[in-house]
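A.B. asks: Mind folding the following:
(4 chains)
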4 protein chains.
Amino acid sequence: MSAEELEGFLYAHFPEMEPRYYRVEKVADMFAQVRLKYDARHLRPGGTISGPSMMSLAHSAMYIAVLAMIGPVALAVTTNLNINFLRKPAQADIIAHARLLKLGKRLAVGEVTMFSEKDPDPVAHATVTYSIPPERNPA
Amino acid sequence: MSAEELEGFLYAHFPEMEPRYYRVEKVADMFAQVRLKYDARHLRPGGTISGPSMMSLAHSAMYIAVLAMIGPVALAVTTNLNINFLRKPAQADIIAHARLLKLGKRLAVGEVTMFSEKDPDPVAHATVTYSIPPERNPA
Amino acid sequence: MSAEELEGFLYAHFPEMEPRYYRVEKVADMFAQVRLKYDARHLRPGGTISGPSMMSLAHSAMYIAVLAMIGPVALAVTTNLNINFLRKPAQADIIAHARLLKLGKRLAVGEVTMFSEKDPDPVAHATVTYSIPPERNPA
Amino acid sequence: MSAEELEGFLYAHFPEMEPRYYRVEKVADMFAQVRLKYDARHLRPGGTISGPSMMSLAHSAMYIAVLAMIGPVALAVTTNLNINFLRKPAQADIIAHARLLKLGKRLAVGEVTMFSEKDPDPVAHATVTYSIPPERNPA
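C.D. replies: A predicted model of the protein is given here:
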């Protein structure tokens, strides 16, 4: 699936992923890059992006990386997410780089590194596991 | 802090924790119980509570358990969250039981078990670590 | 499987789990209690039980809890382990309480709380996920 | 500290890290590469490297990456380790690439990717957090 097709699929299935906040910037083999727009809705006290917004971004970015490889499987379910918060984000967009470490028949595992725009040091790092339903290719 | 004081603090500091969705039901020694109301905004495809909503609930519930012990420290920051999604939630409220495993000078660590209302089997389980700022009692 | 049968199975299949170090003290529905004997081999600088020894204990204790429920399946494989180290252990045995949170067809997930003998505060807490092979009952 | 100095420090402080099993192959800015020799002691049923051996390797490799940056601080303690097991390792050495994501005053966080020798697909991936004692520079 292309970045545009993925955006369309996501906006249709996940009401919380509003187009004005999330952008699928790039998909490639075992990789997706997703941007979370800086917006008052995602802020925590102090004016930076909240922890839950970064968790949600990591979760979505990995889902996009999986979908880009196996096609639209809305029923793939997350089984585990682990996130380390590393630095206070800047008052700027967050860019997530999601990279699949494994795409198996039953499980997909990947890591997501998140950056504040224009800063080379990551603000957060997550690993995410998706369980892929057995009937993934019913056709 | 009492459950009511905690709710007031949270609503004031975290705009995303709207009173109609979150309720602090109980606080006790090293423990907090928080309810996430079932609402269209938190749903994923299939009509159940989304993963990000449960992550956000785990994150908030542990924060409340920490605040209840050390008082209003809006600057405590999450350093790690690990969540396992166990079962598809029912179309019902989610109740989170947050229990502190350690409350140290620098780190607070706890676990959060989440249940669909009226179901004894947990739908998700998380562990969360908060870093406590050195100047936590400046008064 | 009983505690004795489990010990026999483990010693036969896992050479590193020597009888003099590990004891399966109790098995019950979705639960196992395993003891790691205090011994020079498991120490870190300062004379306390090392992190790797506690990780290994958590891993084994959960495996035992799974085996006790589904029988000897040496091919069940760990997919994820997350551990938080909470306190410096005493110079004493470590007792692990492993509790299954979910025993599904494909995945088993549980949590392990570890204590120094005679101390009620946990020294470490882990969550562990095992993948159960599809052909789990070939007989 | 150089790779040789680190090996000397480790062998002296961690009796379980015997020279014949562990090799510090490379240290660089925020990075360490450590090899675990394939040996009967680290095997699980089926003849591959056991999960606990890979957890121990991840733990050591990150410790080495931290020591290489801040000098010999035997009292740095692990606070969290999360590991995803991705593939069955080959009957071969495991090489760990440990990369620091953050080296703060209080916490160091990094990720470790582990490979079977000669295979480009990772066999396991871990994130590790170390707490750095306040008195790290007593001089």
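
A.B. asks: Only C-alpha atoms from now on, for both contacts and neighbour counts.
C.D. replies: Noted.

A.B. asks: partners of the closest residue to residue A:125 other than its chain neighbours in the sheet?
C.D. replies: Nearest non-adjacent residue to residue A:125, counting by CA to CA, 6 or more residues apart in numbering or on different chains: residue A:113, 4.6 Å away. Counting by DSSP bridges, residue A:113 is bridged to residue A:97, residue A:125.

A.B. asks: and residue A:88, what helix or strand is that in?
C.D. replies: Under DSSP states H and E, no helix or strand contains residue A:88.

A.B. asks: Please identify the buried residues of stretch A:52-72?
C.D. replies: Residues of stretch A:52-72 classed as buried by neighbour count (16 or more other CA atoms under 10 Å in any protein chain shown): A:52-69, A:72.

A.B. asks: a strand runs through residue A:53, doesn't it?
C.D. replies: No - counting by DSSP: H, G, I helix; E, B strand; the rest coil, one finds residue A:53 to be helix, located in no strand.

A.B. asks: Distance of the residue nearest to residue A:125 relative to residue B:124?
C.D. replies: Taking CA to CA, to the nearest Å as the measure, residue A:113 falls 24 Å from residue B:124.

A.B. asks: Neighbour count: those two, which is higher?
C.D. replies: Using other CA atoms under 10 Å in any protein chain shown as the criterion, residue A:113 and residue B:124 rank with residue B:124 on top: 27 against 22.

A.B. asks: okay, the residue nearest to the more buried one when sequence neighbours are not counted: pLDDT?
C.D. replies: Among residues not flanking residue B:124 along the chain, residue B:85 sits closest, at 4.5 Å (CA to CA, 6+ apart). Looking at residue B:85, its pLDDT reads 97.

A.B. asks: Please name the bridge partners of residue A:35.
C.D. replies: The partner list for residue A:35 in beta bridges (DSSP bridges) reads residue A:23, residue A:95.

A.B. asks: burial count for it?
C.D. replies: Residue A:35 has 22 nearby residues by other CA under 10 Å.

A.B. asks: Tell me who's in contact with it.
C.D. replies: Counting by CA atoms under 8 Å, 6 or more residues apart in numbering or on different chains, residue A:35 touches A:21-25, A:93-96.

A.B. asks: Next, count neighbours for the nearest residue to residue A:65 once chain neighbours are set aside.
C.D. replies: Once flanking residues are discounted, residue A:65 sits nearest to residue A:32: 4.9 Å by CA to CA, 6+ apart. Per other CA under 10 Å, the neighbour tally for residue A:32 reads 25.

A.B. asks: which SS class is residue A:32?
C.D. replies: Secondary structure assignment for residue A:32 (three-state DSSP): strand.

A.B. asks: Now for it: which residues touch it?
C.D. replies: A:24-26, A:61-62, A:64-65, A:68, A:97-99 are the contacts of residue A:32 under CA under 8 Å, 6+ apart.

A.B. asks: again, only using 10 Å
C.D. replies: Counting by CA atoms under 10 Å, 6 or more residues apart in numbering or on different chains, residue A:32 touches A:3, A:24-26, A:61-68, A:96-100, A:112.

A.B. asks: Just the ones of these in strands?
C.D. replies: Judged by DSSP state E, strands contain the following of these: A:24-26, A:96-100, A:112.

A.B. asks: Output those residues in CSV, with pLDDT and neighbour count appended to each entry.
C.D. replies: Converted to CSV, the ones in strands among the contacts of residue A:32 look like this (pLDDT from 0 to 100; neighbours: other CA atoms under 10 Å in any protein chain shown):
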residue, pLDDT, neighbour count
A:24, 92, 25
A:25, 93, 15
A:26, 94, 15
A:96, 98, 31
A:97, 98, 23
A:98, 98, 30
A:99, 98, 22
A:100, 98, 21
A:112, 98, 25
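
A.B. asks: Which of these sits closest to residue C:48?
C.D. replies: When the ones in strands among the contacts of residue A:32 are compared for distance to residue C:48 (CA to CA), residue A:112 wins out at 34.9 Å.
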